[in-house]
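>>> What shape does this take:
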Amino acid sequence: MKRNKGIKSKILISLVCILALILPACGSSGGSSGSSGGEKKIINIGMMNAPSGFNPLEWTDVAQEVSCGLLFQALVELDDDMKYKPMLADSITTKDNKTFTIKLNSKAKWSDGKPVTVDDELYTIGLISNPKVPSTVASNFNIVEGLDEKGKNAAGGTDISGVKKVDDHTMTITTKQPMELTLFEDTIGTKLKALPKHVLQSTAPEKIYQSSFIQKPTVSDGPFTLEKYVKDQYVQFTANKGYFKGTPKLDGLIFKIMPGANITAQLQSGEIDMNDPNLGQIPFEDYSKVKGMSNLTTDSKGVQSTIQTLMINTKTITDPKVRKAISYAIDRNMIINSLLKGQGQIIELPYLKESKFVNKDLKPTSHDTEKAKALLKEAGWDPNKAINFDIPTGNKVREQVADIITQNLQSVGIKVNPQKYDFVTSLATAKKHNFDIYLVGIPVYPMNPDVSSILKTGQGLNLSQYSNPEMDSLLSNGLHQTDPAQVKATYDKVQEIFAQDLPCPSVYVQNQLKAVNKRVTYGKPKNYGMFIDVYKWDVQSK
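Residues are numbered from 1 along each chain as shown. Purely as a prediction, here's the structure:
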């Protein structure tokens, strides 16, 4: 009997030990917040759209861009004070506005301990410009001497006349024509995110996109490394202890993917610590509720960074009169005043009202159903023809706007076939141009007037397949002008042609509410530059 009691005691002790090991692991899998004892410091951020991937050679959606920015450092990033802050580059300077000298931070290293050097930058530019690599970032590099209008190098490789290595941490990039430093910083500085040459150099360029590294990067020069991605649920990052600007104070960062209503609920419960205003919009009907939550600090100030745009496939809807009719049919006042409760901007041009480049002589198309019907009649529109309207899910407000647009179009005699997909699927479909109209958010940068990515022939985000030689010429010239008056005149003309052709009319801009839990002692949501100093983010100790 005593022997049995001894056996039972040993079994009980063993079970307790096993449970002690298992329970903490179970608790951490969801990304626990807080910091007490051995508990890890983790900040959870709510967002509505999953990233389409972790490929820094691509620039197709904001979630992907943000995720890549944590793993692969850009040269500079735009902060909410509208100034470019150094990231991997210590400095970018020029004496003639044509040759730009880039000095990398000499302390930068990859998470596997290898140094980050100019060779990594040259290797990455070689991939971006390689005709065998379908990089959407390439269009930003068409300004570089030695690359064609698509930013490609016909010969492939890293031998590009406008890109030179000076030493391991210094390089120069020469542009075809002079350009403003701020425009160079935005066009090249924010888009060039180096890949580790020592990891990928044995992979053929045409197979880079299929490589295991691009699917799940294992090496990072950013403040975090990728720990785990569960599709449409969460992205988990772990602190890069060797980050060159300083070891992150957090142990981890988690992007939790959820509908807008869940963002409100989880802000209240503390399951998420903040929202990303560009990716995790708080529903307007919840604004008062969120502002009243005692555990949060809220703010809605700042220049917005995303324009919701209606891409119109110009190969299937060829007549500008029909495209104008579509814009006339959209009741933007209802969208702003009824749906958004006044928390937004009525817009049609591809510029924010705060931009110094906006053409103030052009007014947004007013809601005019009779004008829309007249234009459709002039164009000989077939009222029996239905158009496919692709709508990405996840952003509740955008889905509601799409419903309004559908009703608006049907009211003027355009049959609409709404097709809703998750964001990643809808974007993949849009990139193949398998749609008639497509509602999507386009990131905007007030310091940069260039809209080549959405309007220039053959460019990566030109989902509407728009092509106009006069527009192409203006956009090319605009990149190389340094006289402010000349730049303004060029982009005024760009907007005039845009208003005539309307390949992708803007629909609305949403003023975003930003909320952060008071336990976060450093770090907050921002429209621009939210993660510039994420390595300093911290939370209260319990």
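>>> Could you list the domains of the chain?
Domains of the chain are assigned by automatic domain parsing as 44-48+222-300+513-539, 73-212, 306-510.
>>> Looking at the ones you listed, which is nearest to Asn55?
domain 73-212 (6.9 Å; Cβ to Cβ). All C-beta spots, glycine's among them, are computed from the backbone N, C-alpha and C.
>>> and that closest one, how far apart are its ends?
One end of domain 73-212 sits 20 Å from the other (Cα to Cα, to the nearest Å).
>>> picking up where we left off before, any chance of a markdown table for the domains of the chain, columns mean pLDDT?
Putting those into a markdown table (pLDDT from 0 to 100) gives the following:
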| stretch | mean pLDDT |
| --- | --- |
| domain 44-48+222-300+513-539 | 95 |
| domain 73-212 | 96 |
| domain 306-510 | 93 |
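>>> For these, please prepare CSV with the additional fields mean neighbour count and distance to Glu65.
Converted to CSV, those look like this (neighbours: other Cβ atoms under 10 Å; distance: least, Cβ to Cβ, whole Å):
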stretch, mean neighbour count, distance to Glu65
domain 44-48+222-300+513-539, 19, 9
domain 73-212, 19, 9
domain 306-510, 19, 7
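>>> how about JSON lines for these, with distance to Val66 added?
Shown next, in JSON lines, are those (distance: least, Cβ to Cβ, whole Å):
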{"stretch": "domain 44-48+222-300+513-539", "distance to Val66": "7"}
{"stretch": "domain 73-212", "distance to Val66": "11"}
{"stretch": "domain 306-510", "distance to Val66": "10"}
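>>> Ala63: which of these is closest?
Evaluated over the domains of the chain, closeness to Ala63 peaks at domain 44-48+222-300+513-539, with 5.5 Å, by Cβ to Cβ.
>>> mind listing the helices for the stretch 151-300 of the chain?
Assigned by DSSP state H, counting those that start in this stretch, the stretch 151-300 of the chain shows helices spanning 181-184, 197-200, 212-215, 260-269, 287-291.
>>> if we can go back for a sec, between the domains of the chain, which one is nearest to Gln64?
Once the domains of the chain are compared by Cβ to Cβ, domain 306-510 is nearest, at 9.2 Å.
>>> which residues in the stretch 51-200 of the chain form strands?
For the stretch 51-200 of the chain, strands defined by DSSP state E, counting those that start in this stretch occupy the ranges 76-78, 84-86, 89-94, 99-104, 163-167, 170-174.
>>> okay, the helices of the stretch 151-300 of the chain in JSON lines with distance to Leu375 next?
As requested, the helices of the stretch 151-300 of the chain are exported to JSON lines (distance: least, Cβ to Cβ, whole Å):
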{"stretch": "helix 181-184", "distance to Leu375": "36"}
{"stretch": "helix 197-200", "distance to Leu375": "51"}
{"stretch": "helix 212-215", "distance to Leu375": "45"}
{"stretch": "helix 260-269", "distance to Leu375": "35"}
{"stretch": "helix 287-291", "distance to Leu375": "37"}
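>>> Out of these, the one nearest Ile317 is which?
Ile317 lies closest to helix 260-269 among the helices of the stretch 151-300 of the chain, at 30.5 Å (Cβ to Cβ).
>>> Show residues contacting the closest one.
44, 46, 48, 256, 258, 272, 274-275, 280-283, 286, 289-290, 293, 295-296, 395-397, 515, 517 (Cβ atoms under 8 Å, 6 or more residues apart in numbering).
>>> mind running it again at 10 Å?
With Cβ atoms under 10 Å, 6 or more residues apart in numbering as the test, helix 260-269 has contacts from 44-48, 256, 258-259, 271-276, 280-287, 289-290, 293-296, 298, 394-399, 515-517.
>>> again, but for stretch 364-382
Outside stretch 364-382, the residues that touch it by Cβ under 10 Å, 6+ apart are 317-335, 345-349, 383, 408-409, 411-415, 499, 502, 505-508.
>>> Among those, which lie within strands?
Among those, the residues falling in strands (DSSP state E) are 345-346, 415, 506-508.
>>> Now the residue most central in space within the chain: closest residue in space that isn't a chain neighbour?
Taking Cα atoms, centre = their mean, the centroid of the chain lies closest to Val62, which sits 1.8 Å from it. Counting by Cβ to Cβ, 6 or more residues apart in numbering, Val62 lies nearest to Asn278, which is 5.3 Å off, once chain neighbours are set aside.
>>> That's all I had, so thanks and see you.
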